[in-house]
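J.: Pasting a predicted model and its sequence here:
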Amino acid sequence: MPAWIPYCGSAPDPADTWARWNFGPELVLVIFAALVGIHLYRKQLRVGPALIAIGVFVFLFVSPFCALGSALFTVRIVHDVILAALLAPFLVATLRLESRRIAGSFGLWTAIHAFTFWIWHAPPLYTAALSSDWVFWAMQIAITGTAAIWWAKVLNAPAPSAVTALLATMVAMGALGALLTFSHGALYAPHWLTTQAWGLSPIEDQQIAGIVMWAPASLVYLLAALTILYRSFDSRVAA
């Protein structure tokens, strides 16, 4: 059995999790550059969302939550959902991407967003991401980047198209969750020996991750769709 050493470090035990902060120089450099960029370009950027995005970044990659993802696949799924459903929208707001012209149709980016999330959770690519820092960061950038472009398209789309895309994405997330939940075996080798300290077998950990994808993660897209519908109806009534 290979000794998996993910970017966030080896899997922690419950007793030492809160000591596992990650102050890698590359993270410190990214955070410093982001703060400098906010200061220099504060008139072109939205400062509030930018600071929230930095806070989310710190939680995901600097705090012990990062190391906990080396132990539990459930935490890795929550991590990736936060990338797509929280960090990406705040980056859109920060960079005002909704006001920029982005090549490619809305339908194309809806498919790319769903495909990117699915493909990075295929066991071979997921295993590669937990075996190589370069692949790990390719995964983070791909999920966040495609999600950010997709959210920018959502904000620019007519309400019916936006709602359709959000519901389609909800179905894609739910399908992945169902696949993880009802799989007959543990699919992710990096977690075969890391869950027991947390009182879970690998298949139980995977099933909980699937339920997270199936319900809470899908709910994010449903709530966004309902919000757009509500605002659409409200604007028609006001008119």
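T.: Done, it's in. Predicted model only: the values in this text are computed from it and were never measured.
J.: so which strand or helix has Ala11?
T.: For Ala11, there is no host helix or strand (DSSP states H and E).
J.: Same check on Val75?
T.: Counting by DSSP H and E, Val75 is found in helix 73-82.
J.: what do you get for Val92?
T.: Residue-wise, Val92 maps onto helix 88-95 under DSSP H and E.
J.: And the next helix or strand past that helix?
T.: That would be, after helix 88-95 and using DSSP H and E, helix 106-119.
J.: Pull the lowest-mean-pLDDT helix or strand in the chain out as CSV, backbone CA atoms only.
T.: Lowest on mean pLDDT, DSSP states H and E among the helices and strands of the chain sits helix 218-238, with a mean of 82. Extracted C-alpha coordinates of helix 218-238, given in CSV (Å, rounded to 0.1, in the frame of the first residue of the first chain):
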residue,chain,number,x,y,z
SER,A,218,-27.3,20.2,-4.4
LEU,A,219,-29.4,22.4,-2.2
VAL,A,220,-27.0,25.3,-2.9
TYR,A,221,-28.0,25.2,-6.6
LEU,A,222,-31.7,24.8,-5.8
LEU,A,223,-31.7,27.8,-3.5
ALA,A,224,-29.9,29.9,-6.2
ALA,A,225,-32.5,28.8,-8.8
LEU,A,226,-35.4,29.7,-6.4
THR,A,227,-33.8,33.1,-5.6
ILE,A,228,-33.6,33.9,-9.3
LEU,A,229,-37.2,32.8,-9.9
TYR,A,230,-38.4,34.9,-7.0
ARG,A,231,-36.5,38.0,-8.2
SER,A,232,-37.9,37.4,-11.7
PHE,A,233,-41.4,37.2,-10.5
ASP,A,234,-41.0,40.1,-8.2
SER,A,235,-39.6,42.3,-11.0
ARG,A,236,-42.6,41.4,-13.2
VAL,A,237,-45.0,42.3,-10.5
ALA,A,238,-43.3,45.6,-9.9
